[in-house]
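>>> okay, predicted coordinates and the sequence, questions at the end:
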Amino acid sequence: MRFGNYECFTVETGSFELDGGAMFGVVPKILWERKIPANEKNLIPMQARSLLIQGKGKNILIDTGIGDKLSEKLKKIYKVDLDSANIDISLSKLGVTRSDITDVIITHLHFDHAGGSTSIMDGKAVPTFQNAEYYIQKKQWEIANNPSARDRASYMEENFMPLEEAGVLNLIDGPQEIFEGIDIIVTNGHTRGQQHPLVKDKTKSLFFCADLIPTSAHLPAAWNMAYDNFPMTLIDEKQKIITRALKEGWILFFQHDPCIAAATIKQTENNIEIDSFVSI
């Protein structure tokens, strides 16, 4: 789908599974399981979905998925599947290779969003996209380097420290237009300094939800994750984004939804719901 000077493409980077209760926090299972059914171990399917933005001489990748550096133990715990879809397979279908990527915008540095940013070469973690500049919010970088006990397991230094060592790290501070026609919106409820690209033109816009709204089931304001560090902040941020999305007719891109990559939304009498699916 084209937005102004850019064409946008879904890039599937793999699938995994997480505990349904953790993904929906205080929401009762009898409610959330109607949206995403759990298996006998209470695990629900998740996608690690990225976005490729092409235009103005650039190949911009939003997030990089889990990557292939996890230990066999963690791959087993999270039921990681990179065989049916991974970043190389998905990019090749678009006629793109790792070396073609010019810029990587990382929403935040949790391993399921930034794991593919680096790869092992000659026994050392190095930037996966050797010709790309990487963009991370300054606040998120500081947190990743000094994580709390609550989310320490989500930050793995091998996913981001090699970017600084290679001189390809760009720390940006706050909301801004990062490229012409691409704005950065910052939220702090899931983790401080999470950034969301908004690709826009005069008639439509595409908002990359990341973990503010990880799946279409998380559209209701109070349907949030136990992983969210500041849930009340997130509820307020989500309401503001939803209000703007409804007013301006945004397309929302769901990074972790097992089935729906993108959709427009509508206000019903009692809730916010999917209006129409969008193929990207």
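Thanks, I have it. Residues are numbered from 1 along each chain as shown.

>>> going by C-alpha atoms from here, please, whenever you check contacts or count neighbours.
Will do.

>>> residues contacting Ser90?
By CA atoms under 8 Å, 6 or more residues apart in numbering, Ser90 lies in contact with Val11, Glu12, Thr13.

>>> just the ones in strands from the residues you listed, please.
Taking DSSP state E as the definition of strands, the contacts of Ser90 contribute Val11, Glu12, Thr13.

>>> my guess is Val199 contacts Glu180, does it?
No. Counting by CA atoms under 8 Å, Val199 does not reach Glu180; the two are 9.3 Å apart.

>>> the more surrounded of the two?
Neighbour comparison, Val199 and Glu180: the larger count goes to Val199, with 27 against 11 (by other CA atoms under 10 Å).

>>> which helix or which strand is home to the more buried one?
strand 194-200 (DSSP states H and E).

>>> neighbouring strands of that strand in the sheet, and parallel or not?
Strand 194-200 has its sheet partners listed here by DSSP bridges as strand 182-187 (antiparallel), strand 205-208 (antiparallel).

>>> I'd like the ones in strands among the contacts of Ser90 as JSON lines, with distance to Ile36 appended.
Rendered in JSON lines, the data for the ones in strands among the contacts of Ser90 read as follows (distance: CA to CA, whole Å):
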{"residue": "Val11", "distance to Ile36": "22"}
{"residue": "Glu12", "distance to Ile36": "19"}
{"residue": "Thr13", "distance to Ile36": "20"}
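
>>> pLDDT for those residues - can I get that in TSV?
Output for these, formatted as TSV (pLDDT from 0 to 100):
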residue	pLDDT
Val11	97
Glu12	96
Thr13	96
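
>>> closest to Leu31 out of these?
Checking the ones in strands among the contacts of Ser90 against Leu31 with CA to CA, the nearest one is Glu12 at 27.7 Å.

>>> quick one: that closest one and Asn86 touch, right?
Yes. Using CA under 8 Å, Glu12 is in contact with Asn86, at 6.3 Å.

>>> just to revisit the earlier point, ok, the contacts of Ser90 vs Pro37, which is closest?
Glu12 (21.1 Å).

>>> neighbours around the closest one, how many?
Glu12, neighbours per other CA under 10 Å, totals 24.

>>> ok, now how distant is it from Phe254?
12 Å (CA to CA, to the nearest Å).

>>> so what sits against both of these two?
Joint contacts of Glu12 and Phe254 (CA under 8 Å, 6+ apart) are Arg49.

>>> name the SS class of Ala210, please.
Here Ala210 is recorded as coil under DSSP: H, G, I helix; E, B strand; the rest coil.

>>> name the nearest residue to it, sequence neighbours excluded.
Gln255 (5.5 Å; CA to CA, 6 or more residues apart in numbering).

>>> thought the one you found was touching Ser50?
Yes. With contacts counted by CA under 8 Å, Gln255 reaches Ser50, the gap being 6.7 Å.

>>> contact partners of stretch 16-31?
32, 38, 42-48, 78-81, 218, 222-227.

>>> contacting residues for Ala125?
Counting by CA under 8 Å, 6+ apart, Ala125 makes contact with Thr118, Ser119, Glu158, Asn159, Pro162.

>>> correction: the previous question concerned Phe230.
Phe230 neighbours (CA under 8 Å, 6+ apart): Asn188, Gly189, His190, Thr191.

>>> can you tell me the element Lys75 falls in?
Counting by DSSP H and E, Lys75 is part of helix 72-77.

>>> what residues of the next helix or strand after that helix count as buried?
Downstream of helix 72-77, the next assigned helix or strand under DSSP H and E is helix 87-93. Buried positions in helix 87-93, judged by neighbour count with 16 or more other CA atoms under 10 Å: Ile87, Ile89, Ser90, Leu91.

>>> name the strands paired with the following helix or strand past helix 87-93 and say parallel or antiparallel.
Using DSSP H and E, the helix or strand that directly follows helix 87-93 along the chain is strand 103-105. Taking DSSP bridges as the criterion, strand 103-105 forms sheet pairs with strand 58-62 (parallel), strand 133-137 (parallel).

>>> can you put those in a markdown table and add mean neighbour count and distance to Asn271?
What follows is the strands paired with strand 103-105, written out as a markdown table (neighbours: other CA atoms under 10 Å; distance: least, CA to CA, whole Å):
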| stretch | mean neighbour count | distance to Asn271 |
| --- | --- | --- |
| strand 58-62 | 22 | 29 |
| strand 133-137 | 22 | 32 |
